[in-house]
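**Student:** Sequence isn't available, so here's the structure alone:
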C-alpha cells in the first residue's frame, strides 16, 4: 500500500458513505491505496456502509469499543 485514507467515525454512516464514494471514484490504481475506518461505538449502520464498498475498495476496519473496554478512551 502506498497511501492510506484514515477515516474516524461515530454514528455518521451517511458521511462515511459519501467519503467512500469519493475515494472509490479516484482515477488511481486501487491496489495502491486503502481506506482505514476507525469506529468508536457507532450504532447507525456503519457496517452496512462498509459492506457496500468491500469489493470496490481495500478496506480495513478498526473498532474502538469503550463500552466493552471502558479503560480505553480517546482524548
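**Tutor:** Right, received. Where do you want to start? Not measured: the values here are computed from a predicted model.
**Student:** could you pull out the helices for the chain?
**Tutor:** Along the chain, counting by DSSP state H, helices occupy 13-24, 46-53.
**Student:** can you pull the buried residues of the first one?
**Tutor:** In this case it means helix 13-24. 13, 16, 17, 19, 20, 23 (16 or more other C-beta atoms under 10 Å). The way it works is simple: take the backbone N, C-alpha and C, and place the C-beta from them, glycine included.
**Student:** quick revisit: so for residue 35, which of the helices of the chain sits nearest?
**Tutor:** helix 13-24 (5.7 Å; C-beta to C-beta).
**Student:** Please name every helix or strand in contact with the closest one.
**Tutor:** If contacts are counted by 3 or more C-beta pairs under 8 Å, 6 or more residues apart in numbering; DSSP states H and E, helix 13-24 sits against strand 3-9, strand 33-40, helix 46-53.
**Student:** try 7 Å this time
**Tutor:** Counting contacts by 3 or more C-beta pairs under 7 Å, 6 or more residues apart in numbering; DSSP states H and E, helix 13-24 is packed against strand 3-9, helix 46-53.
**Student:** Turn these into CSV, including mean pLDDT, mean neighbour count and distance to residue 30.
**Tutor:** Output for the helices and strands packed on helix 13-24, formatted as CSV (pLDDT from 0 to 100; neighbours: other C-beta atoms under 10 Å; distance: least, C-beta to C-beta, whole Å):
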stretch, mean pLDDT, mean neighbour count, distance to residue 30
strand 3-9, 95, 14, 11
helix 46-53, 94, 16, 11
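**Student:** Switch these over to CSV; also include distance to residue 28.
**Tutor:** Compiled in CSV, the helices and strands packed on helix 13-24 are given as follows (distance: least, C-beta to C-beta, whole Å):
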stretch, distance to residue 28
strand 3-9, 8
helix 46-53, 16
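**Student:** What residues does the residue sitting nearest the centre point of the chain make contact with?
**Tutor:** For the chain, the residue nearest the mean C-alpha position is residue 37 (2.4 Å; C-alpha atoms, centre = their mean). Residue 37 sits next to 7, 9, 50, 59, 61 when contact means C-beta atoms under 7 Å, 6 or more residues apart in numbering.
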